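Enquirer: Only the shape, not the letters, is given here:
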């Protein structure tokens, strides 16, 4: 069969022949792969920088996707951490880590949306209990996961959403009650964050690094009520792996810092959410613009993935 194969970290995968997969476990099945999202999570997997990386090569990237089982049914699946991922003509899935797609579901949309939407969906369903009408701020809201996080928060009951990110046009296009541009000067950013975060209940942080520290310095002193809980959920780290958190922020307000991802959320909890989220995606709740790329063109797609459209590899 053909697959996208990484043979050296730091280089894009190549379209090559690879050994046919075999199902060996009781709950395993070989599926014909129909669609695989080219997510940032997949790219970090392929360059060895993700925290779950095992540094094993060769590597077939891809952490999830949509496949057809031998009985003709379409299933969305999440793979275990493995060096043999889903960007291939066929792969082996654990049926217990998959859900059947509803009739009429678009495999490309499911492959495009599930991974980025899952980050906020799981954070708001499994790491905390989001109260109806609460206020949610998203840091890096103009990124693909951040844009979906705004919509997920609305769908799960948030009454007020705040988008923090870069790009005036992209910010203006978001479904947010308030926007804060990170393209402004430092004083303006601090003032706007302070106002926007005065009564926020939850922050979904895809940035980390210095921007997170700056946001805390801006928000904590301006809280309307220091006793109002503020839950800060660390999800991504596009701005840095480390953040110099001010110690006073932990003492001056009811601030709770937590993470959401593989490990902090048990696999069973993630799997338990697949059905509900697939149903929402199939219904078009979180529809996104997509661009399909044949598996044979995976090398070119890898170097041209920074587009407004979600890239989906279709074997």
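Expert: Arrived safely. Source: prediction; values computed, not measured. Numbers count the residues shown, from 1 in each chain.
Enquirer: contacts and neighbour counts: CA atoms only from here.
Expert: Will do.
Enquirer: what secondary structure does residue 42 sit in?
Expert: Assigned state for residue 42: helix (three-state reduction, DSSP: H, G, I helix; E, B strand; the rest coil).
Enquirer: what's near enough to touch it?
Expert: Residue 42 makes contacts with 61, 62, 63, as judged by C-alpha atoms under 8 Å, 6 or more residues apart in numbering.
Enquirer: Assess the claim that the first one and residue 3 are in contact.
Expert: This points to residue 61. No. Between residue 61 and residue 3 there is no contact under C-alpha atoms under 8 Å: 9.2 Å.
Enquirer: Identify the contacts common to these two.
Expert: Taking C-alpha under 8 Å, 6+ apart as the contact criterion, the residues that touch both residue 61 and residue 3 are residue 87.
Enquirer: contacts for stretch 155-170?
Expert: So stretch 155-170 is contacted by 124, 130-142, 150, 153-154, 171, 174, 176-183, 196 (C-alpha under 8 Å, 6+ apart).
Enquirer: If any of the contacts of residue 42 are buried, give me the PyMOL selection for them.
Expert: For the buried members of the contacts of residue 42, the matching PyMOL selection, counting by 16 or more other C-alpha atoms under 10 Å, is:
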select buried, resi 61+62+63
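Enquirer: And the contacts of residue 42, which is closest to residue 93?
Expert: Proximity of the contacts of residue 42 to residue 93 (C-alpha to C-alpha) peaks at residue 63, which lies at 10.7 Å.
Enquirer: Please report how far the closest one lies from residue 233.
Expert: 23 Å (C-alpha to C-alpha, to the nearest Å).
Enquirer: And the strands in the stretch 101-250 of the chain?
Expert: 135-139, 160-165, 178-181, 202-205, 230-234 (DSSP state E, counting those that start in this stretch).
Enquirer: Which strands or helices does the last one pack on?
Expert: Right, strand 230-234. Counting contacts by 3 or more C-alpha pairs under 8 Å, 6 or more residues apart in numbering; DSSP states H and E, strand 230-234 packs against strand 202-205, strand 255-259.
Enquirer: circling back to that earlier point, mind checking which of the contacts of residue 42 are in helices?
Expert: In helices, defined here by DSSP state H, there are no members of the contacts of residue 42.
Enquirer: List only buried entries from the contacts of stretch 155-170.
Expert: For those, buried by 16+ other C-alpha under 10 Å: 124, 130, 134-142, 150, 153-154, 171, 174, 176, 178-182, 196.
Enquirer: Now do the buried residues in stretch 77-97.
Expert: Buried, per 16+ other C-alpha under 10 Å, within stretch 77-97: 77-79, 82-95, 97.
Enquirer: can you tell me the average pLDDT over that stretch?
Expert: Averaged across stretch 77-97, pLDDT comes to 92.
Enquirer: Show me what that stretch is in contact with.
Expert: The contact list for stretch 77-97, computed with C-alpha under 8 Å, 6+ apart, reads 1-4, 20-23, 27-34, 36, 52, 56-67, 98-99, 271, 295, 313, 315.
Enquirer: Let's see that with 7 Å instead.
Expert: By C-alpha atoms under 7 Å, 6 or more residues apart in numbering, the surrounding residues in contact with stretch 77-97 are 1-4, 21-23, 27-33, 36, 56, 59-66, 98-99, 271, 315.
Enquirer: Lowest average confidence across helices and strands of this structure, where is it?
Expert: Least confident helix or strand of the chain, by mean pLDDT, DSSP states H and E, is helix 40-46 with a mean of 78.
Enquirer: following that one, which helix or strand comes up?
Expert: Using DSSP states H and E, the next helix or strand after helix 40-46 towards the C-terminus is strand 64-68.
Enquirer: what's that following strand packed up against?
Expert: For strand 64-68, the packing partners by 3 or more C-alpha pairs under 7 Å, 6 or more residues apart in numbering; DSSP states H and E come out as strand 28-37, strand 74-78, helix 107-122.
Enquirer: Format these as JSON lines; extra columns: distance to residue 250.
Expert: Shown next, in JSON lines, are the helices and strands packed on strand 64-68 (distance: least, C-alpha to C-alpha, whole Å):
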{"stretch": "strand 28-37", "distance to residue 250": "38"}
{"stretch": "strand 74-78", "distance to residue 250": "36"}
{"stretch": "helix 107-122", "distance to residue 250": "24"}
